[in-house]
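**Student:** would you be able to build a 3D model of this:
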Amino acid sequence: MATETWPKLASSFPFRLSLVAEETGHDLESTLRFARQLGISEIDLGTLWGERIDRVPQATLLRAKDLLDRYEIKVRVVAPETFKTVLLRDVPLRHIAEEPHFQEHVALLRAQLAVARFLEATFARVYSFRREGMAGLGNPSPRSPQGGTFPEEMQERVAFGLALACREAERAQIPLALENVRSCWGNSGHNTGLVLRRVNSPWLTCIWDPANGYVSGEEDACSEGYQAVKPFVSHVHLKDAVVLDERTGLTQWERIGDGDVGLDLQLAALADDGYEGCVSIETHWSPPGSNPISNTRSTYAGLMRLLESLISRRRVERA
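**Tutor:** This is a model prediction of the structure:
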């Protein structure tokens, strides 16, 4: 049965498997039960019963902690969308700390870090501030080589804002994990690597999402894109995608293994590098008439096929 596959394969890989909780719906206990069926014991958590995780009352956090303990599942990342919508383009460097929207997200970050401590999470997710000209989540938008231009002055602003966030992380003793995403300055591996190297803080690691790099225009996301962030990677998100319209940059999410991201190459690279963190299923794929549980079960099966194929290839290579 497909739900038994990962426990049989796990010993062949240095990494562990996790799940983005919101991809399966809003009931935490149902998600934890489902994760256990898949052999998964770690999750990314951004909401609790549909409420953003930093806004829930203490009683809800206690309820969540009890369920996590009961199902023996660990929170790997506390993951609201911190800094994802904050624009810094016209904010002078010396005024970033005072900018109202930035301050609002610093308050979110502080609450997020407190929740991470309470739930004994490993990381708190952040983003690299919103690019201008993005409609909605940025789909469609132009797919440019390496994710497009990243002016020096914006690199400086983004790094300054994230350095301020790192101070909060150090106070809380919870490392941050910067996720690359199409709508932000750190969209590709190349551009995210520029940010991480400029900040150069032990409190800022990377959630590497090759599909997000791909939809941003990084055709080689699983090779050169990954190499650009590899020294910083603490967590990996897996989903798949295709380009529907090269002219507009319109893309579509697909089941893992059915898109053009090249996740087989990414998984092989993680295995070869001895990556010991988590790879997290972030389904996103939602065909008409489907539901979150069946979509995640199906994309999990797609991931298992890629892993089985990788094991088979390695056996042939060693023969």
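
**Student:** check contacts around V115.
**Tutor:** By C-beta atoms under 8 Å, 6 or more residues apart in numbering, the contact list for V115 reads I53, D54, L61, V78, A121. The C-beta positions use only the backbone N, C-alpha and C, and glycine is treated the same way.

**Student:** got the phi/psi numbers for it?
**Tutor:** V115 has phi and psi values of phi -60, psi -40 when expressed as degrees, to the nearest 10.

**Student:** show the pLDDT at it.
**Tutor:** At V115, the pLDDT value in this model is 98.

**Student:** want to try a markdown table for the contacts of V115, with distance to A172 as columns?
**Tutor:** Listed next are the contacts of V115 as a markdown table, based on distance: C-beta to C-beta, whole Å:
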| residue | distance to A172 |
| --- | --- |
| I53 | 15 |
| D54 | 13 |
| L61 | 16 |
| V78 | 11 |
| A121 | 11 |
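
**Student:** next step: these restricted to strands.
**Tutor:** Taking DSSP state E as the definition of strands, the contacts of V115 contribute V78.

**Student:** by neighbour count, which of the contacts of V115 wins?
**Tutor:** When neighbours are counted as other C-beta atoms under 10 Å, the busiest of those turns out to be V78, with 27 neighbours.

**Student:** that residue contacts L48, doesn't it?
**Tutor:** No. The pair V78 and L48 fails to qualify as a contact (C-beta atoms under 8 Å) at a distance of 10.5 Å.

**Student:** what is the neighbour count of S309?
**Tutor:** Under the neighbour criterion other C-beta under 10 Å, S309 is assigned a count of 14.

**Student:** R117 too?
**Tutor:** Based on other C-beta under 10 Å, the number of other residues close to R117 is 14.

**Student:** from here on, call the first residue 392.
**Tutor:** All right, first residue 392 from here; so that's R508.

**Student:** got a list of what it touches?
**Tutor:** Residues counted as contacts of R508 (C-beta under 8 Å, 6+ apart) are A563, Q564, I565.

**Student:** which one of those sits closest to L459?
**Tutor:** Lowest distance from L459 to the contacts of R508 (C-beta to C-beta) belongs to I565, with 16.6 Å.

**Student:** and the contacts of V506, which is closest to V572?
**Tutor:** V469 (16.8 Å).

**Student:** per-residue pLDDT, R501?
**Tutor:** The score at R501 is 98. That number is its pLDDT.

**Student:** ok, now which ones touch C669?
**Tutor:** Applying C-beta under 8 Å, 6+ apart, we find C669 in contact with F406, R407, L408, S409, E433, R467, H626, V627.

**Student:** which of the contacts of R508 are buried, as a PyMOL select command?
**Tutor:** What follows is the PyMOL syntax for the buried subset of the contacts of R508, where burial is set by 16 or more other C-beta atoms under 10 Å:
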select buried, resi 563+565
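
**Student:** make a markdown table out of the contacts of R508 and add secondary structure and pLDDT.
**Tutor:** A markdown table is the format used below for the contacts of R508 (DSSP: H, G, I helix; E, B strand; the rest coil; pLDDT from 0 to 100):
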| residue | secondary structure | pLDDT |
| --- | --- | --- |
| A563 | helix | 98 |
| Q564 | coil | 98 |
| I565 | coil | 98 |
